[in-house]
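Asks: Just a sequence and a predicted model for now, questions to come.
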Amino acid sequence: MELETRPRDLHVAASFLANAARGQDDIFLRLVAPGGAKDYSYAEISDLSRAYNAHFRSANLPEGSVLAIILTHGVELYAAFLGAMMAGLVPTILPFPTPKQDPQRYWSSHVELFALSQVRCLFTYDALLADARTHFGPGLAHISTSVDVDLGARSFEIAPTDLALLQHSSGTTALKKGVMLSHRAIHAQVESYARTTGLERGSRIVSWLPLYHDMGLVACFLMPMIVGCPVAHLDAFAWSARPTILLDEIVAFRGEYVWLPNFAYNHIVNNVRQTSRWDLSSVRAIIDCSEPCKPATFERFLKTPQFAGLKAEALQVCYAMAENVFAVSQTRMGETPRVLAVTAQSLRDGRRIVEAPPGDESAVRLLSCGRTIEGVEARIVGSQGEVLADEGELGEVAVSGASLYSGYHRRPEVTARRLVDGWHGTGDLGFLLAGELYITGRIDDLLIVHGKNIYAHEVEMAVNDLGLAIPGRVVAFAAANAGLGTDDLIVLCEIAAGVEGPPVKRAVREAVDATFGVTAAFVGALTPGTLVKTTSGKISRHDNKVLYERTRDAQ
Amino acid sequence: MRSEAEIREIVFRAIAETFRFPVQDIDENTTAADVDGWDSVSTAKLYLDLEDILGRELPIETLLASRNVGELASMISAFLHKGEASA
């Protein structure tokens, strides 16, 4: 693989332009929309990026200013991102408001986020300008839109910044943390991860993943720019409503690499018609990432008769996080990932896993996340911070290495808690066995729902703030959805006698959707005294989850 | 050709069956937020069911803009009638 690694090229935009120089007319981006696909060459995107570079330079913003980009997945997003980097700004891609979101709530939460993170520059569409101006008032140092860009102007300069971008975490918008990623860390990650996966110049990627999420941003946006891979990108909403369009595009594009969260495999299979057929023989890897990966998901996907030519070893697993740019570990390409059966009791005890004997029906099957990629280290840490070096010992996963983040933007107190002596405490529980990493859960109340991370206490706070439930009588948890191979978000609250349930349920669901971008699968508006409390009088997430699942399964 | 009222009835029943929701509780103003389990992922199953019942591929990208069940039924009805008119 040829990869530019000279120091002057340790810049995402410089790497992209170097690739563009090697194949001006080659297709870099295919945007797949419901009406058809449109191809963009390297030359078109680099040319457009230079116009955006000139635009941002003309604003005379201090070097290193963070620029929030709120655009849909179009060619402008690529050009704005690259142009901002070339102009010495630090871009961060934020979610575009969805039709279901209340604009008031969307903008006010972003005003809070911008204030906390001291983000003062925004680039968006003209259609959002009035709303943005109204809500931010004088709080922005710069705001411009795609119609402000002079497409005839060009700037060829590249500002040699260290910090490349901010990647905002999931969760409540206002509390999102901006993960600071340097050009050097991104290049270290991309070089190592591309080598691990065999990705090289010309490898074809197909994706529906949004770019405000690390998997979409790094695997399907930054990595293709740096390595020089054409990408076919589908709209996330269109994919969600008709998931088999991903397969259509793999066939049309002869796609080789796909990254998916675990639920997406099942979502595709659940929506396949018996009469359909796709030739997936071009696929080298469909890599499961971003939420717990399940052996049953892979088995079901492989057994789907409509998927012709799909090799079992094409289904791969990656363990990744924004704080490490992306991948920490990856299963070995060309081999099927290892499945380990462990006793449920050893997982509950939380000290050391015990492999389950054959025939143990209560055994929990875990998919290996593979070995750490070159340049990245992972270790298991106990509750007192001690390193647990024995095989199979359970503890928090900590990561270190060449692609680690530089901290959370303007959040030194959170950085100091999570990043200690060059090791990032992930909050994930897991163990190492025979050199491979396995993830078993979380040490905190983070819920992973359809690949998105949200904290239970933040959901409860948002619901409490609506003022519809009895104060403090709200609980949020995740319950397994076997059909999708992911967790569903469940919210239960108690309402006062005489209050009607359906309007409360609707308001809760709308608020959770607007605040977290996740739909609560079930909202219960219960009579006072229904929720289970702990002996200390707190609402118990665990006991209410058990009660909910028991009731659901009895139906 | 199915009437608009028949199409509305089909949409109501498909929602009721897909989400196991009482059909009598569905009206034109019902939204996804009123129905447990109706999210962006389960919407795909609803569309698949509707396509099977109606025997036509629906313009999902258009239907995604519907704000409630009444709009969804109207959009489907308009699409089907337009298709038949131009056939």
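Replies: Right, received. Where do you want to start?
Asks: and the spatially closest residue to residue A:42 that is not a sequence neighbour, what helix or strand is that in?
Replies: Leaving out its chain neighbours, the residue that sits closest to residue A:42 by Cβ to Cβ, 6 or more residues apart in numbering or on different chains is residue A:20, at 3.7 Å. C-beta here means a position set from N, CA and C on the backbone, and glycine is covered the same way. Taking DSSP states H and E as the criterion, residue A:20 maps to helix A:12-22.
Asks: helix or strand right after that helix?
Replies: The C-terminal neighbour of helix A:12-22 among helices and strands, as given by DSSP H and E, is strand A:27-33.
Asks: Against chain B, how distant is the residue nearest to residue A:42?
Replies: Separation of residue A:20 from chain B (Cβ to the nearest Cβ, to the nearest Å) stands at 31 Å.
Asks: so residue A:106, which of the three states?
Replies: helix (DSSP: H, G, I helix; E, B strand; the rest coil).
Asks: Pretty sure residue A:96 is one of the things it touches, is it not?
Replies: No: assessed by Cβ atoms under 8 Å, residue A:106 is found out of contact with residue A:96, at 9.6 Å.
Asks: Got the confidence number for residue 23?
Replies: In the absence of a named chain, this looks at chain A. Residue A:23 carries a pLDDT score of 90 in this model.
Asks: think we crossed wires, I meant chain B
Replies: Per-residue pLDDT puts residue B:23 at 96.
Asks: now do residue A:66
Replies: Residue A:66 carries a pLDDT value of 96.
Asks: Now do the contacts for it.
Replies: Neighbouring residues of residue A:66 by Cβ atoms under 8 Å, 6 or more residues apart in numbering or on different chains: A:89-92, A:117-121, A:166, A:178, A:409.
Asks: what does residue A:513 give?
Replies: Contact analysis of residue A:513 by Cβ under 8 Å, 6+ apart lists A:100-101, A:519-520, B:33.
Asks: mind listing what residue A:247 touches?
Replies: Listed by Cβ under 8 Å, 6+ apart, the contact set of residue A:247 reads A:268, A:278, A:280, A:307.
Asks: Could I get the contacting residues of the residue nearest to residue A:118 when sequence neighbours are not counted?
Replies: Excluding the flanking residues, the one nearest residue A:118 by Cβ to Cβ, 6+ apart is residue A:410, at 5.2 Å. Counting by Cβ under 8 Å, 6+ apart, residue A:410 makes contact with A:116-118, A:178.
Asks: Output the set of residues of chain B in proximity to chain A.
Replies: Proximity of chain B to chain A (Cβ under 8 Å from any Cβ of the partner chain) is limited to residues B:31-34, B:36-41, B:43-45, B:47-48, B:59-61, B:63-65, B:67.
Asks: list the helices and strands the lengthiest helix in chain B packs on?
Replies: Across chain B, the longest stretch assigned as helix under DSSP state H is helix B:69-86. Contacts defined by 3 or more Cβ pairs under 8 Å, 6 or more residues apart in numbering or on different chains; DSSP states H and E place helix B:69-86 against helix B:4-19, helix B:40-54, helix B:60-63.
Asks: Make a markdown table out of these and add mean pLDDT, mean neighbour count and distance to residue A:43.
Replies: Listed next are the helices and strands packed on helix B:69-86 as a markdown table, based on pLDDT from 0 to 100; neighbours: other Cβ atoms under 10 Å in any protein chain shown; distance: least, Cβ to Cβ, whole Å:
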| stretch | mean pLDDT | mean neighbour count | distance to residue A:43 |
| --- | --- | --- | --- |
| helix B:4-19 | 95 | 17 | 47 |
| helix B:40-54 | 93 | 19 | 36 |
| helix B:60-63 | 89 | 16 | 30 |
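Asks: Residue A:39: which of those helices is closest?
Replies: Among the helices and strands packed on helix B:69-86, the nearest to residue A:39 by Cβ to Cβ is helix B:60-63 (19.8 Å).
Asks: now what about that closest one, what contacts it?
Replies: Helix B:60-63 is contacted from outside by A:33-34, A:238, A:241-242, B:47, B:72, B:75-76, B:79, using Cβ under 8 Å, 6+ apart.
Asks: And for stretch A:86-94?
Replies: Stretch A:86-94 is touched from outside by A:13, A:49-50, A:52-53, A:56-57, A:61, A:63-71, A:77, A:80-81, A:84-85, A:110, A:119, A:121, A:155, A:157-159, A:161, A:163-168, A:178, A:211-212, A:217, with contacts defined as Cβ under 8 Å, 6+ apart.
Asks: can you tell me which of those are in strands?
Replies: Among the contacts of stretch A:86-94, the ones falling in strands (DSSP state E) are A:66-69, A:121, A:163-168, A:178.
Asks: Among these, which one lies nearest to residue B:1?
Replies: Of those, the one sitting nearest to residue B:1 (Cβ to Cβ) turns out to be residue A:69, at 47.0 Å.
Asks: That closest one touches residue A:80, doesn't it?
Replies: Yes: between residue A:69 and residue A:80 there is a contact at 5.3 Å, judged by Cβ under 8 Å.
Asks: any common contacting residues for the two?
Replies: In contact with both residue A:69 and residue A:80: A:91, A:123, using Cβ under 8 Å, 6+ apart.
Asks: mind listing what the closest residue in space to residue B:76 that isn't next to it in sequence touches?
Replies: Leaving out its chain neighbours, the residue that sits closest to residue B:76 by Cβ to Cβ, 6+ apart is residue B:7, at 5.8 Å. Going by Cβ under 8 Å, 6+ apart, residue B:7 touches B:54, B:73, B:76-77, B:80.
Asks: hang on, the earlier thing: where is pLDDT lowest across the contacts of helix B:60-63?
Replies: residue A:34 (77).
Asks: Isn't that residue up against residue B:59?
Replies: Yes: counting by Cβ under 8 Å, residue B:59 is a contact partner of residue A:34 at 7.5 Å.
Asks: Burial check on the closest residue to residue A:78 other than its chain neighbours, number of neighbours?
Replies: Residue nearest to residue A:78 in three dimensions, not counting chain neighbours: residue A:45, with 5.4 Å by Cβ to Cβ, 6+ apart. Residue A:45 has 20 neighbours, counted by other Cβ atoms under 10 Å in any protein chain shown.
Asks: element containing residue A:45?
Replies: Element membership for residue A:45 (DSSP H and E) is helix A:42-58.
Asks: tell me the angle that helix makes with strand A:27-33.
Replies: Angle between the axes of helix A:42-58 and strand A:27-33 is 80 degrees (criterion: axes from the mean of the first three to the mean of the last three Cα atoms, to 10 degrees).
Asks: any idea of the mean pLDDT in helix A:42-58?
Replies: Mean predicted confidence for helix A:42-58 is 98.
Asks: got it, and stretch A:473-482?
Replies: Stretch A:473-482 comes out with an average pLDDT of 92.
Asks: Nearest spatial neighbour of the spatially most central residue of chain B, chain-adjacent residues omitted?
Replies: Nearest to the mean C-alpha position of chain B, by Cα atoms, centre = their mean, lies residue B:11 at 4.1 Å. Residue nearest to residue B:11 in three dimensions, not counting chain neighbours: residue B:73, with 4.3 Å by Cβ to Cβ, 6+ apart.
Asks: any idea how far chain A is from that neighbour?
Replies: According to Cβ to the nearest Cβ, residue B:73 stands 17 Å off from chain A.
Asks: what's that residue in contact with, if anything?
Replies: B:4, B:7-8, B:11-12, B:28.
Asks: tell me, how many neighbours does the nearest residue to residue A:145 once chain neighbours are set aside end up with?
Replies: Nearest residue to residue A:145, sequence neighbours excluded (Cβ to Cβ, 6+ apart): residue A:126, at 4.5 Å. Residue A:126 sits with 11 neighbouring residues when counted by other Cβ under 10 Å.
Asks: Since that was my last question, I'll sign off now.
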